[in-house]
Each structure stands twice: as C-alpha cells, then as structure tokens.
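Participant: next input, structure requested:
(3 chains)
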Amino acid sequence: MAEVRLENVRKAYGKKVVYANLNLTIDDGECFTLLGPSGCGKTVLLRMAAGFEQPDAGTITVGGVTLSSPSERIFVPPDERSLGVVFQDYAVWPHMTVAENVRYPLVIQKVAKNEIDARTQDAIDNVNLTGLENRMPYQLSGGQQQRVALARALVAEPKLMLLDEPLTNLDAKLREEMRFEIRALQRKKGITVLYVTHDQEIALAISDRMAVLDENGNICRIGTPTDVFERPGNAFVFRFMGVANMIPADVRGRDIYARGTDVLLSKDAPAPVPSNPVLGCRPSDVDLVRDPGPGMPTARVRRVNLLGPIVDQRLEFAGMELRAQLDTHKAISRGLIFREGDMVGVNIANPLLFDSNTLEGVGSHE
Amino acid sequence: MAFVELRHVTKRFGQVTAVDDLCLSIEKGECFSFLGPSGCGKTTTLRMVAGFEDLEEGEIEVGGKLISSSLKKYYLAPEKREFGMVFQAFAVWPHMTVFENVAFPLRIKGVARHEIESRTKHSLENTNLTKQAQLYPNELSGGEKQRIALARALAINPGLLLLDEPLSNLDPHLREEMRFEIKDLQRKYDFSIIYVTHDQAEAMALSDRIMVMRDGKTQQIDTPLNVYANPANKFVFGFIGLSNFIPVVPRDGKAVLESAPDAGQVSDSFPPEFAGAGRATVACRPAEVDLLPEGKGGLRGVIDRMAYLGETVDYIVTVGDVEIRIQKGRREPRFEAGMACSLAFPKPTWYE
Amino acid sequence: MNRTGKFGIAELLFVLSLLILIVIVALPVLLIFWTSFVVDGHFNLSAVVEVLTKPDTFEALKMSLLLAACVTVTCTAVGTLFAWLVTRTDMPFKETMKVLFTIPFMLPAFIGALAWKMLLSPRAGYINQFWMALFGTRTPLFNIYSFWGIVIIETMYLFPFVFIQVSGALERMDPTLEESARIAGAGLFTITRKITIPLILPAVVSGALLVCLYSLAHFGTPAILGTEVGIYTIPTKIYELIHQSAGSFTAIRAATVMSVILVLSAAVILYTQNRVVKSGRFQIIAGKSVRPTVLKLRGLRTPLFILCIVYLLVTVVMPTVTIFLVGLLKTYGLPLQLGNMTFENFYYVLFKWKLTKDAIFNSLYLSLGAALVTMVAGGIISYVLVKMKVRGKWFLEFLGMLPFSLPGTVIALGVILTWSGRFGINIYNTGWIIFVAYIARYMAFSLKSNSAALEQVHDSLVEASRASGATPWQSLRDVVIPLIRPGMIAAFFLIFLPALRELTTSVLLYGPTTRTIGVAIYTLNEDGETVYACALAGVALLLIVGGEILIKRFFEKKKRLDNGGA
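Facilitator: Numbers count the residues shown, from 1 in each chain, chains lettered A, B, ... in the order given. You can find the predicted model right below:
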C-alpha cells in the first residue's frame, strides 16, 4: 500500500507562501500528475514528498506511515523513505557505468551480490538498455540517460515513484516513446507514481488522475484526463489545457449571445447564469460552413495558416478574433479551406460557460 | 522577370556537393522557404545569396542586377547587396543599445542624423520595441532580441529579407507570435523573403511557396498545400509530416500486407505500374486512416497503444508486424488499447 | 539538505574552513596592516607617509608602477596581435602555432632573465660580444641591465596571459555578429572597429590586468637584471630591506608599508578584472558552427609567419639552449665550443654538492606537501562555499577571496610576522615556514579548481543518491568525492608545478639549509657561480617540462570525460 496523503500542508520560503493549506490524496497504484505553470510550486510538493524539503506544518503520510510532521517532530530523511526519484536533468552519476548506476540502491541496501546482479539486469532489460551495461553516461544519448535514471529508480522496487519533469529535455519523438514506457512499467509493477510537469500533453497521456495548479499553487481541478480537458470547470484550467477561444457573452433566457450583439452563440445556457459570463470553446469546436443559412452567425476569414495536419483559420467574429481548427485532409475533402476575406457560417459545438470574475465554470461539470 | 533568380547554382566543399545545379526564381513580395533536413544545402544556398559564399557554377541575380557569377568571377560584397538578414542566434550586438543596433545600418549608409532618428524610431514602433530603445540586449528576452534583429534587418527597407532559422531558438508560443509579426511587416512593406528552416510546420504557415531540398538537390517547389497534399516523392511525403509507409504485395488483384496477408486488404486494387516489382508502399498520414469498429473496414488489427492528448487521440494499431499510426480528433469516437478494430485507407499514395 | 546538521557536519566543516583561512591567510595580512599602521599601540599614519616619501622606497614604488604599466602595454600589443593572427587570418599551421604561443608560460621568467643576462649583458653577453667583435666596436648592441631590458624580458614571458584570453574570445565569438554587420552594409575595417574590437575588449583588458598584477608582484626578473644597476621595484626593495637589516624593526615596517601598497593595488586590479570579465560574458556561442570570416593576408602571409617563428625561436629556443650550453661549460666565460663542454656540472649539481642537492630535495618535498595539503584544504573550503547553506557564509566567502589578491612577497612577509615566535611558534629559518607560505600562496588555485569542479556536481546528483537510500556520508563518499577528484588532482598539479619553481616567496624565507631550486639558482647567480646556476636551471626546466607534459595528458583525458557529462 502506498497511498500518499498530504494533510493541511503549509510551506513558505520567507514571505513567499507556496502552499497555505494543501490537502491531496493519491491512491495506491495510481499514476497521478501535478500539472501547472512554472513557479506554481509543483516541484516543491514533490520535494516535500521526497524529503528534500520539510513542510512548515501539516503531515505527509505514505501507506499510512507518517514521513513528515513538524508538529510531531517527525521527519524521515529521503534515504529512509524507499523511493524512486527521476529528475529533469537525469542526475545519472557520470563516473559510474550504466550497471553501476542502476545497482547502487541495492548496494546501499546491502542486498546479496548474486541478487544484486539479477535485479540490476532485470531493471536494465525493463528499460530496453540491454547491451549497454558497461557504457559510461557520456556515451549515451539523453533518452538513454533518462532510461538509466528510470531503471535506477525502479531497481529497489519502491512503492512510490516521484518524477520531476523527466521528459522535458528530450526531443518530441523520444518524449512520446518514454511516455509509453513509463506508463507500461508503472502498470506492470503497480507502483504509485507522482509525476510533475508543465506539459499538458504529457499529463493527459500518462495520468490516471491529474491535478491542475494555478500560478499561486491552488489546486483548480482534480480529475481524469478526459474530465479535466472536456469539463475543465474553471477558466484558468480551460486556457491552460490548450488553445482557447474566450467570447464575452450575454445570456438572455437560455440563449447565449456575443456580448452587446445579436450574434447567437448557443441556445443551451446552463444555470445559474453568472454575472459576467464568458463563453469558451476550443478551435476544434468551431465548425465553419461555406454557405451559411439564414440566421446563422457569420464571420470574416482573416488568416489561413496551414500547420501541416491542421488548418488554423482565424476569423473576425462579433468584433473579436475566433480561431477555428480542422484536420487538413478533412478540410481539403470538404472544401473548407477558405480565402482571406471570405464570409463563412459559424457553429459552436460544446460551448462552455465561465464567470470571468471568479473563473468558475457553470453547469455541466461534476 | 522574377525578382530573385538562381541559375544552375552549384557549390562544393571539398568532395561534397552541398548545392547541386539549383534553379529557382522568387517573385517580388513573395515569401519563399527553403525546407529540408540539416545538411541539405539550404543554409549554404542562403549564404550564397547573401554573398558569404562564392559559387562553383551558376549565377544569382536580384532585382535585375547580377550579384554573383562564377563565370565572370564577379561577387558583389555582402555589405553592398543591401539585403536584410536575421540569424538563428540573434546576432544582436551586446555592446550597443537596442536603438544603436537598429540605427547601425543607417549610420553606415551615411543617412542624415535626423532621418536616422526618425527611421529608427519608426522601425522600433513596427516591432514593438519603443519602450526598450535605450536598453542593452542582455536585459531582454530571446523574443525581444530577435525582434531587434528583425528591426535592424528592415531598417534600410531592403527589397529582400534573408531569414536563417530565425525562430528555432524561441519557445513555441513566441514562435507563432513572431511568425505573424514577420508576415504583417511583409504585407506592409512588400519585400521578398527567403526563409530557411528545417521545421515543416513553420515553413507551411509562413510561405507562399516552399522548396523542399535534400542532399543539395531540389525535390519540389510548390505552395504549402500542394506540398502537403501532393508530395512529389516519398522523401517529401515523409519529411512534410508524420507518415505511415506500409509495405504491400498483390494478392488476387488487391494490395495486402506481406506479413499478414489474411488480415484483409489495404486497397482493393494494386497499381499496374508496381505489378512487375511484385511489391509497393502505401503512404498515408495518421489522420487519413479511417479507424472503424471491428469488421467495418478492409484491414483487421489490434489497438496496441492509445494516448489521449486532449485535441487529438493517438493510436498505434498493429497488423502482423506492421505498426500503423493513427490520429483522430477529440470529437470522433474513441477506442481503447487492446480493442480489435478495422482500418480503411481512403486516400492511399503509392510509392515503390 | 536538512539532515547534514544532525551530526554537526556542516558546522564542523564550516569552522574548519574558517580556521584554515584565518590562520593561513587572514592573520598574516592583518599583521602586515597592523605593523604598518600601528606604532607603539597607536594608529600612526604619518609614519606610513614618512616611509613612503623616503627617496629609495619612493623610487621603488615609482619604478614598480612604471614597469608594470610598460609591461602591460607591450604584452597587450604582442598578445593581441598574435591572438588575432592565429584565429582570424589564413596564417599557415594556425593550430600548432596556437599551442606554441603558450609555451613561454611554462618557462619561469627568472630563468629567462638569467639566460638573457648571459646573452645580452653589456660586456660578457654572447650576443654583445659577437656584435662588438663583428663591428670592431666597444658599444654593446643592447644592455639588458636596464629598464627596457626588464620590460622586454617580462613581456616575453607574460604575454600569454593576453594571448590566451583574446584568442579564446575571438574563437568563441559568434561569427554571425560580424556577418550581420556586413549585411548591414559595413566593410571589414568598420566591422573590426565597431563590432569586433568592442566585443573582445573585455578579454583584452582582463588579460592586461593579469599581466599588470603579475608584473607588480614579480621578483625574479628585476632582481636579476635591475639590482646590479640600482633599479629597484617593490618586491626587490623588500627583499633588500629584509636581508640587509637582519630583522630590524624599521626595515620590517618599511617592508610592510610597501606590502600594503602591493595588496591594495592587487585588490583594485582584481576587482576591476572581475567587473570586466562579468561584463564580457555576453559573448554567446553560435547556434550553428559557421566558420568566422578569415582575412587573407596575401603578400604578408609569409613575412608574418616568419615573424611568429622568429619570435618563438628568440623567446623560447634561444634562452633554453643558452641555459643548457652554459650549464655544460667547464668555466663561465669560455667560448661556446664542444671542446669546452662537460656533463660534470650537471653531475655535480645533481649528486655531489650538498647545497644544490638540498635545494632540489627541498623544492620537491615542499611542493609535494604544499600541493597535497592545499588540495585537500581547498576542497573542504570550496565544499562549504559552493554546496552548503550555513549562516555567516559571507565571511568565509570574503576570506576565500583574500588569497587571490596576495602577491608572493606579501605572503612571505606576513608569514614571517606570524611565525617568528609572536604566537609562541617560531619556525623561522626552517622548511616549515616556506611550507606555510606555499599553502597561503596557492590556496587561490585550489579554491578555483575545486569550486569549478563542485559547481559541476549538480544538487540533483546528490539528491538522487539520497533517494536511492544513501546517507549524507555515503553520498559524499560515493558521489561527490569521486566527481570532484579530477578537479582536486588538477588543483594538485596547478600547485605542484609552480611551487617547484617558486622564487618570489621562498627568497624571503630561506635559511642556510632550506634553499629551494629557485632560491639556489638565484643565489648561485648572485655569487657568480654562473655555470652551476645554469646547470641547476637546466635541471629545473627538465622537471617543469616533464610535469607539464604529465598534466597535459591528464587534462586531455579529463576533457574527453567531461564532453559527455550531463
């Protein structure tokens, strides 16, 4: 059992309060991601879990065992927490070979020699580094070094693994590959994983559940990736998760209009109506129609950008900029690549309504 | 008569032919990209236009004026060509303020003092640097440094702007912003652009036309849409975006996988031109493959991996020993890893 | 790291570092200032002014400044010219030349001075003799016993300070900085004036300041070439005062006052240099490897190449050959002919004469011991400075800066004041006092090398080992120390080799049986034992070159390892 609980955790550096009162539970065996912009304190949380930092107040328990609790004067140092940690800069020891790096946690634990050899080999095989056991780190690529770090973190079979932006320094292709590998290993071993990143794509791809933090370290949303992306429930989360259109709106009855106009955006406003409503939609939710029927809102095409597999079209809509994105091959086959200056019909699928004062979402979530 | 003309341009470094018999014309006001992997000769070509490299063969003309000619051994010095140029590493002078950096080309040209003042101010306004005019580049961010370089390159109103991977040192959202800025300035002043990049998305977003290069040779010159939708060859297809190349063999007039002939067909016909070879490759983009419930399409497979990325959902489907990558929009039906499925290829492109 | 405090490791290391720096460095300096400014328990400035306005001290001061200024100017000119030639022109064999131009660094300037004395002393110098015989004249070609003689010799051996800095800056500079100026319409001359020179200026100034600092504190050359004709600099004047006064308080006070001037000048120079280096950090490395524009020298190519070769022949080969040839002579003054040569002198110096045998032995064990101790002490202090968060660290940082600005003469004087019984320990005239002085003198090198190594050891490497289950001590043993070992070994060599040939400090501290190699060469020369001086110098040169080759091998291996480091 490695359920991680943070209760009433407070952490400040001088006057800068990172967490005023943090409560968070990570279930046993789950891959949990902390996602947030840089400076939101997500790394501090991970470092407290690891024991590199001590909370000012509150308790941190793993599997029911209290690891940090200033009020009880409990602080278990990192070397006694049986963790696996993977860092952004790999932190592979440059003076040791791949095998020496990986076996080190077992050597420290004074495991029997033949068992060390077997488990080291097993860990190396698991991350697909077989054959590179005697290489020095400088002979490895960034991706291979990160695999060494991963094998080293896993070799002692920790109950809890902490990963601090481990994929940031890798190129896109490797990042994708490693993402799959981390996920596969986590499933296979049934370890609890706390993963910290600012990259929403990785968070979505890897997590069972994720928490989105804002700049001030407040947890804005916890949920499964689909929940968080499709039902963000909060304007900050919505914007942070991807390209977002935000249209100030008026709600009359159940109809949503672009503010101060008669441009109808949606006929299905959720209740209660916020005081300062804003309609949010993804560019992929903006459907364009070549010959708009009567009563359909229209927009003028200002920019057409081909981004490879996606066509990004920027429209002037109700006095604002609205972005619409569509698969290139669909756009070609349906004749939906426009010329600049064309008038097109606009239909917004999956509209979300937020209160721009509180950033809270209205209706549909949870 | 085109604004920029390269005729049979060839450049060698020792044994290596960096640029091989390149012919090319760029119109006034056009944004033209050289796109290719590193070492394809795109930067060398740009440096020949700029005047930093001599030619082994061929000649270059800009605005009707001959500027490089191997035959006549004539090379106009770079400083006399009156182009603007922006480099990847910014190359702003750290010992000069933003204002001094931008005013430098005008000073060198001997423009009158008050005119330098007004034109520099104007350039700084154009690039949103008015507030930073008296700062030194070290106090500024990467994006701002690159805007200084842009303002400096445009200070003398050049007819031709040369851009050497100017955005690759910037982070993604700044890149998009700078792209729009460059495009806006071009619309305003109608200069021609030669843009060198290895990033196909960038080239497509910015250019009127793209030249795809490989090993010093032109592969295709066309509009971004045509390069994407109708690539001239397999290399261009693979370079311009994520792709599947599926090896197929004929069976009963249909195209099937060699390793899994019983898994169904990739296409219900086999092009006669490859019949003799007995094998061919079907190329398709991940978004062009139809992912259907089991039994609904031509090729049966199993979903090996699924990754939900928000806007798109990424799948890898295995059929025999072939992995096929598929991307679907978030509004399309979802499949889970481990599920059996069917694939259809509505728009196959055939290669050897 | 929170837990290091549990066993008081942090406090222990911190206090240890403080103690080392206070005893070895701070106390001597404090005593120098105390002795200068405090007379009979009272602060007394007029006595200081009195010392400084005495004609001979004032002359020495003026001479030191003038000399340093001239050497700085000539080194800057020579170093910048050669740096530019080997980086930015189409000179042949540029890479080889780049290495060759750093060789003068290896040769101790005082051995160079000794060699040039034999070539260009007004009457006996071989070149002057040849010149006078050739033209039947009695006026020598050049008198090396002169202000300009000293300037030229110091320039020959100090210019690499500038050369290394400037050639490095020219190589690192992003070529597109110059290319963008060309595109902007500037020709080569304008680019050099407006772009290149301003950009390398910090490197030039930084190198020049190092030359200035070194020249101010340098003893050997002015001692060998100036004393004879009454040219005194601060270090040689201090030497004279200490030696001739046999420990009289007035003499020591005069010496300390001059030391204060040296320390203050050094501090000002180092402060300026630090500022300049910081402002020069903007020379970014290019994103793409584009070759910089190379100037075609055309007709000047061969003449300039010959100039470089001749310069190297004159500054490196000629003096070295002279040292060995004179060392082989049966008697000084004989013509340099094979018949007059013998290996007897080398044999005598190495195996028979107690004085020189002692000197070689003393130098070896003092250098070895000082290098070992300083390496370890510097390692500990650097660890506290770089890796630990302790209260009061700023004070340690301040003390850690001190060794950098202490010229050798000052250290010697401070050590005399501290260890001649004042605190109950009198080690004057023993090897220990030189040992202590060497530690103070080379602490700066050790701190620099160790700190650089420690800064490479990212915190996450230690955290990774903690997370793997290692205690702080185990992390130190298994991760930190193995990783900084190359830096420590480098520090060892950086101390051992210069200490082997040290003169400035030892010359003030040696006793009858504690001569070092440098001191022995110097005193033998003073006593007219020229052939033995040369033989011993020859031995020293062989030791130095051997050591340099070793260290080079070591650094090449280290570099290869570093290239892949995270």
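Participant: residue furthest from the geometric center of chain C?
Facilitator: No residue in chain C sits farther from the centre than residue C:469, which is 44.9 Å out by C-alpha atoms, centre = their mean.
Participant: from residue A:80, how far out is that one?
Facilitator: Per C-beta to C-beta, to the nearest Å, residue C:469 is found 8 Å from residue A:80. C-beta coordinates here come from the backbone N, C-alpha and C atoms, glycine included.
Participant: could you pull out the strands for the stretch 51-200 of chain B?
Facilitator: Ranges of strands in the stretch 51-200 of chain B, per DSSP state E, counting those that start in this stretch, are B:57-62, B:65-69, B:74-75, B:84-86, B:160-164, B:192-197.
Participant: domain map for the chain?
Facilitator: Just so you know, I chose chain A. Listed by automatic domain parsing, the domain ranges of chain A are A:4-235, A:246-355.
Participant: nope, chain B
Facilitator: Taken from automatic domain parsing, chain B resolves into B:4-239, B:244-351.
Participant: for those, which one sits closest to residue A:305?
Facilitator: domain B:4-239 (4.6 Å; C-beta to C-beta).
Participant: endpoints of that closest one, how far apart?
Facilitator: 26 Å (C-alpha to C-alpha, to the nearest Å).
Participant: what about the residue nearest the centre of chain C, distance to residue C:504?
Facilitator: In chain C, the residue lying closest to the centroid (C-alpha atoms, centre = their mean) is residue C:214, at 6.5 Å. According to C-beta to C-beta, residue C:214 and residue C:504 sit 10 Å apart.
Participant: tell me how many other residues crowd residue 319.
Facilitator: In the absence of a named chain, this looks at chain A. Using other C-beta atoms under 10 Å in any protein chain shown, residue A:319 is surrounded by 12 other residues.
Participant: look at chain C instead
Facilitator: Residues near residue C:319, counting by other C-beta under 10 Å: 26.
Participant: please, which helix or strand holds it?
Facilitator: Per DSSP states H and E: residue C:319 is located in helix C:318-328.
Participant: contact partners of that helix?
Facilitator: Outside helix C:318-328, the residues that touch it by C-beta atoms under 8 Å, 6 or more residues apart in numbering or on different chains are C:107, C:111-112, C:114-116, C:118-119, C:126, C:332, C:336, C:341-343, C:345-346, C:530-531, C:534-538, C:541.
Participant: residues of chain B that sit close to chain A?
Facilitator: Within chain B, the residues that sit near chain A (C-beta under 8 Å from any C-beta of the partner chain) are B:180, B:200-201, B:204-205, B:224-225, B:228-229, B:240-242, B:285-288, B:305, B:307-311, B:314, B:327, B:329-331, B:347.
Participant: give me the subset of those lying in helices.
Facilitator: B:180, B:200-201, B:204-205, B:224-225, B:228-229 (DSSP state H).
Participant: packed most tightly, which of the domains of chain A would that be?
Facilitator: With neighbours defined as mean count of other C-beta atoms under 10 Å in any protein chain shown, those peak in mean count at domain A:4-235, which reaches a mean of 19.
Participant: please enumerate the strands of the stretch 251-366 of chain A.
Facilitator: Using DSSP E, counting those that start in this stretch, strands in the stretch 251-366 of chain A cover A:255-258, A:264-266, A:277-281, A:286-289, A:298-306, A:310-317, A:320-327, A:343-348, A:352-355.
Participant: export those to TSV and tack on distance to residue C:271 and mean pLDDT?
Facilitator: Output for the strands of the stretch 251-366 of chain A, formatted as TSV (distance: least, C-beta to C-beta, whole Å; pLDDT from 0 to 100):
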stretch	distance to residue C:271	mean pLDDT
strand A:255-258	63	91
strand A:264-266	66	88
strand A:277-281	57	93
strand A:286-289	62	94
strand A:298-306	54	92
strand A:310-317	55	94
strand A:320-327	54	94
strand A:343-348	65	94
strand A:352-355	57	92
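Participant: tabulate those (TSV), appending distance to residue C:177.
Facilitator: TSV is the format used below for the strands of the stretch 251-366 of chain A (distance: least, C-beta to C-beta, whole Å):
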stretch	distance to residue C:177
strand A:255-258	50
strand A:264-266	52
strand A:277-281	45
strand A:286-289	45
strand A:298-306	33
strand A:310-317	35
strand A:320-327	38
strand A:343-348	47
strand A:352-355	48
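Participant: circling back to that earlier point, would you list the strands of the stretch 51-200 of chain B in a markdown table and tack on mean neighbour count?
Facilitator: Shown next, in a markdown table, are the strands of the stretch 51-200 of chain B (neighbours: other C-beta atoms under 10 Å in any protein chain shown):
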| stretch | mean neighbour count |
| --- | --- |
| strand B:57-62 | 20 |
| strand B:65-69 | 17 |
| strand B:74-75 | 15 |
| strand B:84-86 | 28 |
| strand B:160-164 | 24 |
| strand B:192-197 | 24 |
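Participant: pLDDT on whichever helix or strand comes after the helix holding residue C:319, on average?
Facilitator: Downstream of helix C:318-328, the next assigned helix or strand under DSSP H and E is helix C:344-347. The average pLDDT for helix C:344-347 rounds to 87.
Participant: tell me the helices and strands packed up against helix C:344-347.
Facilitator: Secondary-structure packing of helix C:344-347 (3 or more C-beta pairs under 8 Å, 6 or more residues apart in numbering or on different chains; DSSP states H and E): helix C:318-328, helix C:530-563.
Participant: buried sites along the helix or strand immediately after that helix in the chain?
Facilitator: As assigned by DSSP H and E, the chain's next helix or strand after helix C:344-347 is helix C:354-387. Across helix C:354-387, burial judged by 16 or more other C-beta atoms under 10 Å in any protein chain shown covers C:355-356, C:358-360, C:362-364, C:366-367, C:369-371, C:373-387.
Participant: centre of chain A to the edge, which residue is at the far end?
Facilitator: Relative to the centre of chain A, and counting by C-alpha atoms, centre = their mean, the farthest-placed residue is residue A:294 at 42.1 Å.
Participant: mind checking pLDDT for that one?
Facilitator: 86.
Participant: what about it, distance to chain C?
Facilitator: Distance of residue A:294 to chain C, computed by C-beta to the nearest C-beta, to the nearest Å: 55 Å.
Participant: that residue and chain B, how far apart?
Facilitator: Distance, residue A:294 to chain B, using C-beta to the nearest C-beta: 26 Å.
Participant: so that residue versus residue A:301, what's the distance?
Facilitator: Note on residue A:294: its distance to residue A:301, by C-beta to C-beta, is 20 Å.
Participant: what sits against the residue nearest to residue C:422 when sequence neighbours are not counted?
Facilitator: Of all residues not flanking residue C:422 in the chain, residue C:31 sits nearest, at 7.6 Å (C-beta to C-beta, 6 or more residues apart in numbering or on different chains). Residue C:31 makes contact with C:414, C:417-418, C:422, according to C-beta under 8 Å, 6+ apart.
Participant: what of residue A:61?
Facilitator: By C-beta under 8 Å, 6+ apart, the contact set of residue A:61 is A:4-5, A:7, A:67.
Participant: quick check, nearest of the residues you listed to residue B:219?
Facilitator: residue A:4 (53.4 Å).
Participant: surely that closest one is in contact with residue A:192?
Facilitator: Yes. In this structure, residue A:4 is within contact of residue A:192 by C-beta atoms under 8 Å, at 6.4 Å.
Participant: can you work out which residues contact both of those two?
Facilitator: A:26, A:32, A:160.
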